[in-house]
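Q: Here is a sequence together with a model predicted from it:
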Amino acid sequence: MSLHDLTAVRQLEGLRAKEFSSRELTEHYLGRIGRHADLGAFVTINDKALAEAEEADARLANGERAALLGLPIGIKDLAATAGLRTTFGSAALQDFVPPQDSWTAGLIRQAGAVLVGKTNTSEFGATCYTENDLTTPAVTPYAPTRYSSGSSGGAATAVAAGLLPVAHASDSAGSIRTPAATCHLVGMKPSRGLVSPAPAVSFLSAGTEGPIARTVEDAALLLDVMASPAPGDLYGWRNEGSFVQALKLRRPLRIAMWTNTGTEETPDREAVKAVERTAEVLIGLGHDVREIPLPARWDEPVSRAILTWFAYQVGAVTQLMVRRTELLRPYTKHLLAINETLSANDIVTAQTLLARYASAFLAATDDYDVVLTPTTNGAPVPLGYYTGDEADLMLKWSCPTPWVNLAGVPAISLPSHVDDEGLPHGVHLVGRARRDAALLALAAQLESAGLWEDRHPPAWHE
């Protein structure tokens, strides 16, 4: 057995029991990252990682027990890291080194994690595939000719290939959950306000940060560290107790399900299979599962509204940070062109329509504890599938996830199965606001019941 075969929880136990050192563990992962650079998991490697590991070993020797002390981790390159290059996936910011950590990156470092590097992301997180002008595209290790989705594609690639035990990620429309689905992993998007967006402030607050992991327990471990509101958070709240401890909770739940995409696209056969298999397991566990109509369609006005919102968000970021716009990628330029045409009325109208869209889902599922859907409408897509002006194409594939961000409720993508072509598929569970612990407990039940096999791609063994 190799060190990367151990879960993050088991690695922490080994570090505390002095079965191996943080330096040994960090060297192991750095070696694997170097051998698998072609997977596109990382943008930047931290040249101080071994020094951080040695410091962690000294603290462990003194009996310290910080939550992540000595555990190697990667932080998505949309989160600022003091003293370590943060590009936001853009060649226009390839030399940017922040003076301080973002709030969540700071929490992870304060918990004693060893930062081995920054995981790959799409430019400003604007696409559901991870490709930029800084490094190779992030691909799923199960099929290296296919994207690992985005914008947290690098994080998912790294965990699936055994380059990290667990990873920080973020999600504004599905960017934790769809990469987890393409890489046979667990990906958790928390409720609005559980993980602080600081230093960002927004009334909509559709985006949040969360973990990508191999197991539900590993995801809960990292979420326990990330879930601490910053002063001034508009929606900040604290969970009572530990998410890891909450995994033991058991109670029967009412679960709604649908497989309709809400678009003109026919539901993918494997996506439907993922939901049906999960429903069977849930019923076997004593839960009440009922199929209901899709609450709202992903029609042209909704599609236009979310494109307006993304264009406005990306426009605000680039105006603040980017000097050389000629270095931006075609899709980012496309969003900027849209942003230049927007009036204040356009932006407010889009926000209002999106709020109504999310409200329709909440109203239709008010009598249920959890909603069950596919995570994506199909398998990981091939490299080159997107060409530069692809909003509709992206939304047809990732359509099950954005309403959750708009509604501010928690959701988790779990591995469902690997199809006959060897391609992973995920299933999507959505909980009620601020009931993240109950959602994680349900995910742990499904894991224990054998919903998915503990399997790995070829790169894992190399």
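A: Here it is on my side, so go on. What you see is a predicted model; the values in this text were computed from it and never measured.

Q: what ranges do the strands span in the chain?
A: Assigned by DSSP state E, the chain shows strands spanning 42-45, 72-76, 114-119, 166-171, 186-189, 208-213, 254-257, 288-291, 370-374, 411-418, 424-430.

Q: CSV for the ones you listed, including mean neighbour count?
A: For every residue, glycine as well, the C-beta is placed using N, CA and C. What follows is the strands of the chain, written out as CSV (neighbours: other Cβ atoms under 10 Å):
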stretch, mean neighbour count
strand 42-45, 23
strand 72-76, 31
strand 114-119, 28
strand 166-171, 30
strand 186-189, 32
strand 208-213, 30
strand 254-257, 20
strand 288-291, 14
strand 370-374, 26
strand 411-418, 26
strand 424-430, 28
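
Q: Tell me which of those sits nearest to Ala180.
A: strand 186-189 (2.7 Å; Cβ to Cβ).

Q: strands paired with the closest one, and their directions?
A: Using DSSP bridges, strand 186-189 pairs in its sheet with strand 208-213 (antiparallel), strand 411-418 (antiparallel).

Q: Adding mean pLDDT, write those out as JSON lines.
A: JSON lines is the format used below for the strands paired with strand 186-189 (pLDDT from 0 to 100):
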{"stretch": "strand 208-213", "mean pLDDT": "98"}
{"stretch": "strand 411-418", "mean pLDDT": "98"}
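
Q: Of these, which is nearest Lys248?
A: With Cβ to Cβ as the measure, strand 411-418 is the member of these nearest Lys248 (16.9 Å).

Q: Identify all contacting residues around that closest one.
A: 142, 176-178, 180-181, 184-189, 216, 219, 270, 273-274, 277-278, 375, 401, 404, 424-431, 439-440, 443, 446-447, 451-453, 455 (Cβ atoms under 8 Å, 6 or more residues apart in numbering).

Q: can you rerun that using 7 Å?
A: When contacts are defined by Cβ atoms under 7 Å, 6 or more residues apart in numbering, strand 411-418 is touched by residues 142, 177, 180-181, 184-189, 274, 277-278, 375, 404, 424-431, 439, 443, 446, 451-452, 455.

Q: gap between that strand and the chain center?
A: Remark: strand 411-418 is offset 12 Å from the chain centroid, using Cα atoms, centre = their mean, to the nearest Å.

Q: what's the answer for stretch 154-164, then?
A: 12 Å.

Q: and of the strands paired with strand 186-189, who's closest to Ala344?
A: When these are compared by Cβ to Cβ, strand 208-213 sits nearest Ala344, at 25.7 Å.

Q: how much space between the nearest residue to Gln94 once chain neighbours are set aside and Val186?
A: Residue nearest to Gln94 in three dimensions, not counting chain neighbours: Thr87, with 5.4 Å by Cβ to Cβ, 6 or more residues apart in numbering. Separation of Thr87 from Val186 (Cβ to Cβ, to the nearest Å): 27 Å.

Q: quick one: the residue nearest to Gln94 and Thr135 touch, right?
A: No: if you go by Cβ atoms under 7 Å, Thr87 and Thr135 don't touch, sitting 9.5 Å apart.

Q: what residues do those two have in common as contacts?
A: Common neighbours of Thr87 and Thr135 (Cβ under 7 Å, 6+ apart) are Val43.

Q: Adding distance to Phe96, write the strands of the chain out as a markdown table.
A: Supplementary listing: the strands of the chain in a markdown table, determined by distance: least, Cβ to Cβ, whole Å:
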| stretch | distance to Phe96 |
| --- | --- |
| strand 42-45 | 11 |
| strand 72-76 | 15 |
| strand 114-119 | 11 |
| strand 166-171 | 18 |
| strand 186-189 | 27 |
| strand 208-213 | 19 |
| strand 254-257 | 44 |
| strand 288-291 | 48 |
| strand 370-374 | 37 |
| strand 411-418 | 31 |
| strand 424-430 | 33 |
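
Q: one step back: among the strands paired with strand 186-189, which is nearest Thr341?
A: The closest of those to Thr341 is strand 208-213. By Cβ to Cβ, the value is 28.7 Å.

Q: what sits up against the closest one?
A: By Cβ under 7 Å, 6+ apart, strand 208-213 touches 8, 104, 152, 155-156, 159, 166-171, 176, 179-180, 185-190, 192, 195, 197, 219, 222-223, 226.

Q: Could I get the CA-only coordinates of it as PDB?
A: The C-alpha trace of strand 208-213 is given here as PDB (Å, rounded to 0.1, in the frame of the first residue of the first chain):
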ATOM      1  CA  THR A 208     -19.100  29.500  -2.300                       C
ATOM      2  CA  GLU A 209     -16.200  27.300  -1.400                       C
ATOM      3  CA  GLY A 210     -16.100  23.700  -0.400                       C
ATOM      4  CA  PRO A 211     -14.200  20.400  -0.500                       C
ATOM      5  CA  ILE A 212     -13.600  17.800  -3.100                       C
ATOM      6  CA  ALA A 213     -12.600  14.400  -1.600                       C
END
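
Q: measure the residue nearest to Gln94 to Gly422 for me?
A: 32 Å.

Q: ok, now Gly125?
A: For Gly125, the distance to Gly422 equals 28 Å [Cβ to Cβ].

Q: Look at these two and report which has more neighbours.
A: Gly125 (26 against 12; other Cβ atoms under 10 Å).

Q: list the contacts for that one?
A: Neighbouring residues of Gly125 by Cβ under 7 Å, 6+ apart: Leu78, Ser151, Ser170, Ser172, Ser175.

Q: Could you do Ser175 as well?
A: Ser175 is in contact with Gly125, Gly150, Ser151, Ser152, counting by Cβ under 7 Å, 6+ apart.

Q: Would you map the helices across the stretch 351-462 of the chain?
A: Taking DSSP state H, counting those that start in this stretch as the criterion, the stretch 351-462 of the chain carries its helices at 391-398, 402-407, 436-448.

Q: Now the second one: average pLDDT?
A: So the one you mean is helix 402-407. Averaging pLDDT along helix 402-407 gives 98.

Q: Mind giving me the packing neighbours of that helix?
A: When contacts are defined as 3 or more Cβ pairs under 7 Å, 6 or more residues apart in numbering; DSSP states H and E, helix 402-407 packs onto helix 344-364.

Q: And the first one, by the same measure?
A: Judged by 3+ Cβ pairs under 7 Å, 6+ apart, the packing partners of helix 391-398 are helix 300-321.

Q: Thanks a lot, see you next time.
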